[in-house]
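1. I would like the atomic coordinates for the input below:
(chains A and B)
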2 protein chains.
Amino acid sequence: MYPIAPNYDLVKPFGIKDERLYIGNISVNDLTERYDTPTFYVSGDRFEDNIKEYEESFRQEGYNGNMFTIAYAIKAHTNLALLKFAKNRGTGFDVSYKNELYAALNTGISPDKIFFNGNAKKRAALIEAIEQGVVINIDNLMELDEIIDIQKRLGKKARISIRVNPEIDVDTDPAIATAVKNSKFGLNFNLAEKAYKLAISNNMDVKGIHMHLGSQITNMSVFKEGTTKFVEFAKHLEEELGLEFELLNFGGGLGISYAKNRSEEEKIVKNLKEINKNEDIHSNFYCPISKRDYVKNIVDSVSILNHDVKIVIEPGRSLIGDACILVGRVMNIKEGSPDIVSLDMGANLVLENIIMKNYNNIIIANKARNKSDNHVKFVGNLCYAGDFVSPFGWEMPDLKKGDLVSLMDAGAYHWFFACHGNSVEFPATVLVYKDKEYLIRKRERYDDVFANDVDLDL
Amino acid sequence: MYPIAPNYDLVKPFGIKDERLYIGNISVNDLTERYDTPTFYVSGDRFEDNIKEYEESFRQEGYNGNMFTIAYAIKAHTNLALLKFAKNRGTGFDVSYKNELYAALNTGISPDKIFFNGNAKKRAALIEAIEQGVVINIDNLMELDEIIDIQKRLGKKARISIRVNPEIDVDTDPAIATAVKNSKFGLNFNLAEKAYKLAISNNMDVKGIHMHLGSQITNMSVFKEGTTKFVEFAKHLEEELGLEFELLNFGGGLGISYAKNRSEEEKIVKNLKEINKNEDIHSNFYCPISKRDYVKNIVDSVSILNHDVKIVIEPGRSLIGDACILVGRVMNIKEGSPDIVSLDMGANLVLENIIMKNYNNIIIANKARNKSDNHVKFVGNLCYAGDFVSPFGWEMPDLKKGDLVSLMDAGAYHWFFACHGNSVEFPATVLVYKDKEYLIRKRERYDDVFANDVDLDL
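-> A predicted model of the protein is given here:
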């Protein structure tokens, strides 16, 4: 059985007052009256604070704004308004698909603050990136060949880094460990050296070097090992090939705390092992690493280079993960099985939790009180048995129809995996910033769900 | 390591000719030139044959068209053209969400051939269903109360069945076993009897009784146990409450063969256990039960009632599952790790396989030849490490960029779970019928992916 949220630390500006969940001075009750359920609420204040915390960390290490880029990994939560919001606060963008590239360019950001990742980039997107001057993180040698070909045709140099794989043992779920041996991503050091030689001999605009270790990493030694191997290799390349990198791109991966502390984390892990009938659940729900520590490790690591270098990081989850909640309503409580509570939203909005064996804390937004002996599981409104919003047996206050169920820390990858199962329309998203509200994604209607269907009578 | 598709039986009209995959007389190569990749291709011929096979099975048991309804469970693959295609061939519809209800009504079908399921139906949808005369399969007592309330307000009787849960041990993946004890769906026999009494005393139009055992069931004894318990309970209710059901709705659940035989199935199960690090994989990839056997079991079971009764079934997977393939292209083969082949489609289109621990056979549509010693895994174009289109180590012919990778039996639940991860646009869907092609779902464009985003500059 699992405890309710008062055992969990709310991050500013989320708070509980008179047993109600608030975002700043606006209660989720009030928001729900205006925006219905289910709805994602993004706290702009929290998103901004997370960006600022990275920025301050760099400044405290003596880096001015020209010497670092916090490139928001937009896949974590893509929305046109959120991209502009981030850009207006100085971020760059990490993009990984042509539509992400176009959305990033659409913000009017300087293209050299966009970093284009991905193991299978489409030619059209590569052409666009080269024409615009986006930095391409080349993933493999076939892509390098294609870029050489495009360069020739366009008569324009490609700005590039090469994604290297330091091949370390990343302590996170395999679904999000990207720098392990045999990852689909990046080149091992031998092949990367070959790639740099090819890039130089083909007259590319070599900006830097790139790696990415994985996601939801909460173990500092993983970052230490990764950055050390990476920077040593960068130094080796500089010496070997006689070049000087303008930038080192360390990727992202810093985790967030889904649990308050180690003991809460243990409970989560125990529950997930039982639920998944799988012993292979990683203990990465509590993150003791501050953004300051994370940045300091990177800054320290580059000191072995004998020149100034711009540092790029690509955080996603640690910017938006704890800035967003997902709120639905209780639809019914099952007679005969009062531990089964059906909501008006389903697993289609929390597939991330199934796929990446992750977890969300839950607060009843209109009765955020201490636990009772009432143990419930939250199920969705979809027509399949695995449709759990949360399979944990939560200790909850007495629930009734209409109660507001808020999934905390729902900012990262929930939207990524959202699906239309049972032809359910996608929910609305509202940005709450300085106690004002902005609808940033309209709730879909029936016509949107079937917009591309051809209504043929055959 | 896993064998290639010649070890797998193609169903009509899929076939291989000159090492190329065909749908009827049209090669997938030719289709791809016209519709690009990734694209779903639905064989209308196969879909039609599957419907006819159920129909013929009923007719062979002496049932005429008025005495049975094959209600297509549209969640398996929802598309407006496919719904009309099915309706024009005499099916009814099983719907489970308001948008599915509206899509079904949109076909112009007689509302009494629509069966409305779901554990958390919205009030607006219940009102629409009652007004139109759709048959509501009542899931729980709170829903019953709501319908009683709506009836009073509308002054119109609701047509209803009650979903009962026979509480048997269903031999399939827990994610799709719906009639187990503590399922979120349906009422146990005690509560169901109470519900029928309430329905009668509240003057509802009681049409029948409903159950649904689960999905991808391949074990006849599960169906036998389920139908026996169900029909015996129906008979008990008739005697106890002095009513005569017009219809018995047995739900769906008949599996399809993702594997050719038991020995292929064993290999799949072994691989899935390793990949998922989970011993809890069910052996339900080979289905020895014919539609004829399935129908006969149901028809036999109702003989204990001493009156004629209409039989409703709600098949989804067994109608559309093997009628559809998903075709993508090889983008690159990883140097240094030539066993990793990247495609231009990702896990976002095969999440069903991750969530329900399912599997698709793979055929290289432009070189469908015998296996070689070449063992490959297919990965997608998304930016996360778990992005496998197939994590199996397939024995494949030598592959190169542009080769066409066809996922077989991709008709059921692949579209259900399709997501926009990395802002990837949804693919096109093409219906191939009697050697003609019909685009039935347009490929999304950039604007579609962000259609509901509000482009706010804050």
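
2. tell me the helices and strands packed up against the longest helix seen in chain A.
-> Criterion DSSP state H: the longest helix present in chain A is helix A:220-241. With contacts defined as 3 or more CB pairs under 8 Å, 6 or more residues apart in numbering or on different chains; DSSP states H and E, helix A:220-241 has these neighbours: helix A:189-201, strand A:205-210, strand A:247-249, helix A:291-301. For glycine as for every other residue, the C-beta is placed from the backbone atoms N, C-alpha and C.

3. where does the stretch 51-200 of chain A get nearest to chain B, residue-wise?
-> residue A:175 (2.9 Å; CB to the nearest CB).

4. SS state for that residue?
-> For residue A:175, the assignment made with DSSP: H, G, I helix; E, B strand; the rest coil gives helix.

5. ok, it - how many residues close by?
-> 21 (other CB atoms under 10 Å in any protein chain shown).

6. my read is that it contacts residue A:355, right?
-> Yes - between residue A:175 and residue A:355 there is a contact at 6.2 Å, judged by CB atoms under 8 Å.

7. need the overlap of contacts for those two.
-> Common neighbours of residue A:175 and residue A:355 (criterion: CB atoms under 8 Å, 6 or more residues apart in numbering or on different chains): residue B:386.

8. so chain A: which segments form each domain?
-> A:5-43+A:322-449, A:44-319 (automatic domain parsing).

9. pLDDT score for residue A:7?
-> Note on residue A:7: pLDDT of 59.

10. cool, residue A:356 as well?
-> 87.

11. am I right that it is in contact with residue A:176?
-> Yes - at 5.9 Å, residue A:356 and residue A:176 qualify as touching, with contact defined as CB under 8 Å.

12. neighbour-wise, which of these two wins?
-> Per other CB under 10 Å, whichever of residue A:356 and residue A:176 has more neighbours is residue A:176, with 25 against 21.

13. residue contacts, that one?
-> Contacts of residue A:176 (CB under 8 Å, 6+ apart): A:214-216, A:356, B:384-386.

14. so which of the residues you listed wins on neighbours?
-> With neighbours defined as other CB under 10 Å, the most crowded of these is residue A:215; it has 31 neighbours.

15. about what we covered before: against residue B:150, how distant is the closest residue to the residue of the stretch 51-200 of chain A closest to chain B other than its chain neighbours?
-> Among residues not flanking residue A:175 along the chain, residue B:386 sits closest, at 2.9 Å (CB to CB, 6 or more residues apart in numbering or on different chains). Distance from residue B:386 to residue B:150, counting by CB to CB, to the nearest Å: 44 Å.

16. what do you get for residue A:86?
-> Distance from residue A:86 to residue B:150, by CB to CB: 46 Å.

17. more neighbours: which of the two?
-> Neighbour count, other CB under 10 Å: between residue A:86 and residue B:150, residue A:86 has more, with 25 against 17.

18. mind checking which helix or strand that one is in?
-> helix A:80-87 (DSSP states H and E).

19. likewise residue A:99?
-> helix A:98-106.

20. does that helix reach chain B?
-> Yes - residues of helix A:98-106 contacting chain B under CB under 8 Å from any CB of the partner chain: A:99-100, A:102-103, A:106.

21. who does the helix or strand that that helix is followed by touch, helix- and strand-wise?
-> Sequence order places strand A:114-116 as the next helix or strand after helix A:98-106, per DSSP H and E. Counting contacts by 3+ CB pairs under 8 Å, 6+ apart, strand A:114-116 packs against strand A:92-95, helix A:98-106, helix A:123-132, strand A:135-138.

22. one step back: which residues sit in contact with the residue of the stretch 51-200 of chain A closest to chain B?
-> Residue A:175 neighbours (CB under 8 Å, 6+ apart): A:355-357, B:384-386.
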